[in-house]
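Novice: got a predicted structure plus its sequence, pasted below:
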Amino acid sequence: MSDCVSITELTTASAWIAGLAIIALIATGWRKPARASAILVRSRRTSRGTQVVPVAQLPAPIYRRTPIWRRVWAVIAGSALAVIMGAVIATVVAFAVAWSVITLTDMLRQ
């Protein structure tokens with residue numbers, strides 16, 4: 001039994017995964033909308049001109065500020081996400097730099 005994976009097997013598996021992902025994206029685009037769309041009908045003109053549509057003028061609701069606990073929670077959550085993303089990016093960059101240094105030093109030894 002071999003521990004390594006051949007390039008052919010890896011390419012085939014990657015192609016299957018990419019194909020299934022494309023099929024999933026297409027399938028999600030074909031779903032019905034959650035709400036029925038409104039059918040817009042133009043108003044008919046009367047013999048005297050346009051039809052009058054009554055308009056009700058209602059007062060706008062009073063503006064309410066976001067509660068302080070929500071603003072504090074947003075700052076805490078945003079900071080946590082920034083720290084996590086920074087750690088992930090730092091790990092990826094460190095891995096790339098280490099790989100390039102190892103590769104270049106191996107090339108110097110040859």
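Specialist: Cool, the structure landed. What you see is a predicted model, and the numbers here were worked out from it, not measured in a lab.
Novice: need the pLDDT of the residue positioned nearest the centre of the chain.
Specialist: Nearest to the mean C-alpha position of the chain, by CA atoms, centre = their mean, lies Leu25 at 12.8 Å. The per-residue pLDDT reported for Leu25 equals 82.
Novice: and it, how close does it get to Ala15?
Specialist: Relative to Ala15, Leu25 is positioned 16 Å away (CB to CB, to the nearest Å). Any C-beta I mention is one placed from the backbone N, CA and C, and that applies to glycine too.
Novice: what's the answer for Ala94, then?
Specialist: Applying CB to CB to Ala94 and Ala15 gives a distance of 31 Å.
Novice: with Val83 instead?
Specialist: With CB to CB as the criterion, Val83 and Ala15 are 37 Å apart.
Novice: quick one, longest helix in the protein?
Specialist: For the chain, the helix reaching the highest residue count under DSSP state H is reported as helix 68-109.
Novice: now it: mean pLDDT?
Specialist: Averaged across helix 68-109, the pLDDT comes to 90.
Novice: now the residue nearest to the centre of the chain: which helix or strand?
Specialist: Leu25 belongs to helix 7-29 when assigned by DSSP states H and E.
Novice: from the chain's centre, how far out does that helix sit?
Specialist: What separates the centre of helix 7-29 from the centre of its chain is 19 Å, taken as CA atoms, centre = their mean, to the nearest Å.
Novice: what about Pro59, which helix or strand?
Specialist: Pro59 is part of no helix or strand, with elements assigned from DSSP H and E.
Novice: how many residues are close by it?
Specialist: Close neighbours of Pro59, defined as other CB atoms under 10 Å, add up to 5.
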